[in-house]
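Engineer: Here is the input, now give the coordinates:
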Amino acid sequence: MLSFYTNTFWDSYSIKAASYGYNKKICTRLAAVADSYLKHCNYLPLTQHTAQNVFRYVSVKGGDECFTLTQYKLLLIALKILFLEVGRLEWAIKFLWDEFLSFAQRTNNISLEHSDNTPASPVLFLHSFSSCRSANFIDAFERFPLYIDSYIRFLKLNTYASRTQSIYLAWLVCYLKFNNFANPKYLNGNSIKAFITHLVINKRLSSSTQSQALTALLIFYREIFFKDYAPELQNVRPKSSRPLPVILSKKEVSLLLSHITNPIFNLMAKLIYGAGLRLTECVSLEITDININKNEITISNSNRCRIVILPIALTDLVISQIQRSKLLYQSDIESLRHNKPATTKLYLFPSSILTKNTVTNNFQRLHIHIRGLQKAIKIAAQRSKVNKNINCHILRHSFAAHLLENNYDIRTVQNLLGHADISSTMIYQSATMELNRTIISPLDLLN
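Structural biologist: Numbering: from 1, shown residues only. Here you go, the predicted structure:
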């Protein structure tokens, strides 16, 4: 092998590769891949290579349409042995080799002895986060891969919801960009305070959004750098007021639902009101979540699970929708016989189009998008001429308020809504009291 590195070096490399259990043929291929990387870097000494160099090279190779998953896995293993076992570099110990490799393995369970024509995807495991696809995130990750990797690990291990993970990562990237991608290790509470002030004055974001950004950064510093800025920044966190939720009367709910003409969106709106579902819970319902015999729906969010009621009035409509969804998925399997759909989830409300999975390169049918129902309810609100600011979540508010009006106890309503804290449910009791108030004004008694 023609290389700046001597034969003794490559003999040592082969020994390290063999210690991983690879045969002589695979060890030779790994050495060739490692040498190809070193040639790309003009055969710099190992000590001059950084995590950013490796990350950038892996990202570029992963984005090459001609680069298969087998080659991608081979590249990751070759570089891991090169820098971790042979070079013993400090940054290589903390680099996210296992994340890249395990995600590639889950994506396509293939052997190194056999070739595969499935293209690799850039930064494979990061595709599980929508916020990780932006240019700003890539810039931040290239500069601080260890910090961000550790943050991702913490969020995943502590079972934060996937949407919360994406939002917290997005706030971290915004914070780094605001500080011109300075090393966060050397920033302090004043930098966080300046960022939150920027959100208040320049971006004019709501108090809840400011609090969300602050929480994301406090968790980052506490878990990654073991610095607790919470006491120092307790006055920075905005004090958000909790106004009473907008509640529709039963007549207004009936009027609103009657103006949703699309049968699918009409059923979804009735489920939100009839079962107290969140919008995302409704659109992502799976067929297996529905128990027709018991009139129950199982809702799973992160590490939480709850059972809600399936309105008897909707039983026939739900059964029909299940049959339509199954026929659609069966049609997908037959039409994509040579390109098996990538998803194993059978959604109750599937999308009307197939989506190409950027990781596996297969087609999949996801659930219907939330925007469709949001738009349908907005149009129905305009047509019904209900003089209230109506959105999808108001149907959930109305579900809770109407149960309390019907004298169901607060704990039952809390369980149905999935609230961790009963104080979140108590606000509906206050709203119900407002609706049922029968106090007569002294002015009305003057005559």
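Engineer: What is the strand or helix carrying Q429 packed up against?
Structural biologist: Assigned by DSSP states H and E, Q429 belongs to helix 422-435. On a contact count with 3 or more CB pairs under 8 Å, 6 or more residues apart in numbering; DSSP states H and E, helix 422-435 meets helix 392-405, helix 410-417. Backbone N, C-alpha and C define where each C-beta goes, glycine included.
Engineer: And the longest helix that the chain contains, what does it pack against?
Structural biologist: Counting by DSSP state H, the longest helix found in the chain is helix 315-335. Secondary-structure packing of helix 315-335 (3+ CB pairs under 8 Å, 6+ apart): helix 263-275.
Engineer: Just the buried positions in the helix it packs on, please.
Structural biologist: I264, F265, N266, L267, M268, A269, K270, L271, I272, Y273, G274, A275 (16 or more other CB atoms under 10 Å).
Engineer: Look up how far V33 lies from the fifth one.
Structural biologist: Which is M268. Separation of M268 from V33 (CB to CB, to the nearest Å): 50 Å.
Engineer: And the first one, by the same measure?
Structural biologist: Going from I264 to V33 by CB to CB gives 50 Å.
Engineer: any idea which helix or strand comes after the longest helix of the chain?
Structural biologist: Next element after helix 315-335 (DSSP H and E): strand 355-356.
Engineer: Show me what that next one is packed against.
Structural biologist: strand 363-364.
Engineer: Just give me the neighbour total for the spatially closest residue to L285 that is not a sequence neighbour.
Structural biologist: Counting by CB to CB, 6 or more residues apart in numbering, L285 lies nearest to L348, which is 4.2 Å off, once chain neighbours are set aside. By the criterion of other CB atoms under 10 Å, L348 has 24 neighbours.
Engineer: what's near enough to touch L348?
Structural biologist: L285, E286, I287, D289, I290, V318, Q321, I322, S325, H367 (CB atoms under 8 Å, 6 or more residues apart in numbering).
Engineer: List just the nearest of the residues you listed to R143.
Structural biologist: H367 (35.7 Å; CB to CB).
Engineer: and the closest residue to N389 other than its chain neighbours, what is it in contact with?
Structural biologist: Of all residues not flanking N389 in the chain, V246 sits nearest, at 6.1 Å (CB to CB, 6+ apart). By CB under 8 Å, 6+ apart, V246 lies in contact with K388, N389, I390, I394, H397.
Engineer: buried subset of those residues?
Structural biologist: I390, I394, H397.
Engineer: can you tell me how far T50 sits from D139?
Structural biologist: T50 is 15 Å from D139, by CB to CB.
Engineer: Most tightly packed of the helices and strands packed on helix 422-435?
Structural biologist: Comparing the helices and strands packed on helix 422-435 on average neighbours per residue, with mean count of other CB atoms under 10 Å, the densest one is helix 392-405 at a mean of 22.
Engineer: quick one: average confidence on it?
Structural biologist: For helix 392-405, mean pLDDT rounds to 92.
Engineer: contacting residues around it?
Structural biologist: 245-248, 250, 253, 269, 272-279, 373-374, 377, 388, 410, 412-413, 416-417, 425, 428-429, 431-432, 435-436.
Engineer: Next, the angle from it to helix 263-275.
Structural biologist: 40 degrees (axes from the mean of the first three to the mean of the last three CA atoms, to 10 degrees).
Engineer: quick check: angle from helix 392-405 to helix 410-417?
Structural biologist: 150 degrees.
Engineer: How far away from the center of its chain is helix 392-405?
Structural biologist: The chain centroid and the centroid of helix 392-405 are separated by 27 Å under CA atoms, centre = their mean, to the nearest Å.
Engineer: and the angle from that helix to helix 422-435?
Structural biologist: 80 degrees.
Engineer: As CSV, could you dump the C-alpha coordinates of helix 392-405?
Structural biologist: The C-alpha trace of helix 392-405 is given here as CSV (Å, rounded to 0.1, in the frame of the first residue of the first chain):
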residue,chain,number,x,y,z
CYS,A,392,-58.3,22.5,17.3
HIS,A,393,-57.2,22.6,20.9
ILE,A,394,-60.4,24.4,21.9
LEU,A,395,-62.3,21.2,21.2
ARG,A,396,-60.1,19.5,23.9
HIS,A,397,-60.8,22.4,26.3
SER,A,398,-64.5,22.0,25.7
PHE,A,399,-64.3,18.3,26.3
ALA,A,400,-62.9,18.9,29.8
ALA,A,401,-65.2,21.7,30.7
HIS,A,402,-68.3,19.8,29.6
LEU,A,403,-67.3,16.7,31.6
LEU,A,404,-67.0,18.9,34.7
GLU,A,405,-70.4,20.5,33.9
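Engineer: T425: what's it in contact with?
Structural biologist: A400, I410, V413, Q414, L417, H419.
Engineer: Revised request: answer the last question for F9.
Structural biologist: V86.
Engineer: Next, work out how far apart it and I297 are.
Structural biologist: 62 Å.
Engineer: got it, and N389?
Structural biologist: 28 Å.
Engineer: And for L82?
Structural biologist: Applying CB to CB to L82 and I297 gives a distance of 52 Å.
Engineer: One more: G372?
Structural biologist: For G372 relative to I297 (CB to CB), the value is 20 Å.
Engineer: I'd say V308 and E296 touch.
Structural biologist: Yes: the criterion here is CB atoms under 8 Å, and V308 meets it with E296 at 7.2 Å.
Engineer: higher neighbour count, these two?
Structural biologist: V308 (20 against 14).
Engineer: Poorly predicted segments of the stretch 101-250 of the chain, please.
Structural biologist: Residue ranges of the stretch 101-250 of the chain with pLDDT under 70: 101-135, 240-241.
Engineer: Within the helices and strands, which one has S12?
Structural biologist: helix 7-18.
Engineer: Double-check that T298 belongs to a strand.
Structural biologist: Yes: according to DSSP: H, G, I helix; E, B strand; the rest coil, T298 belongs to a strand.
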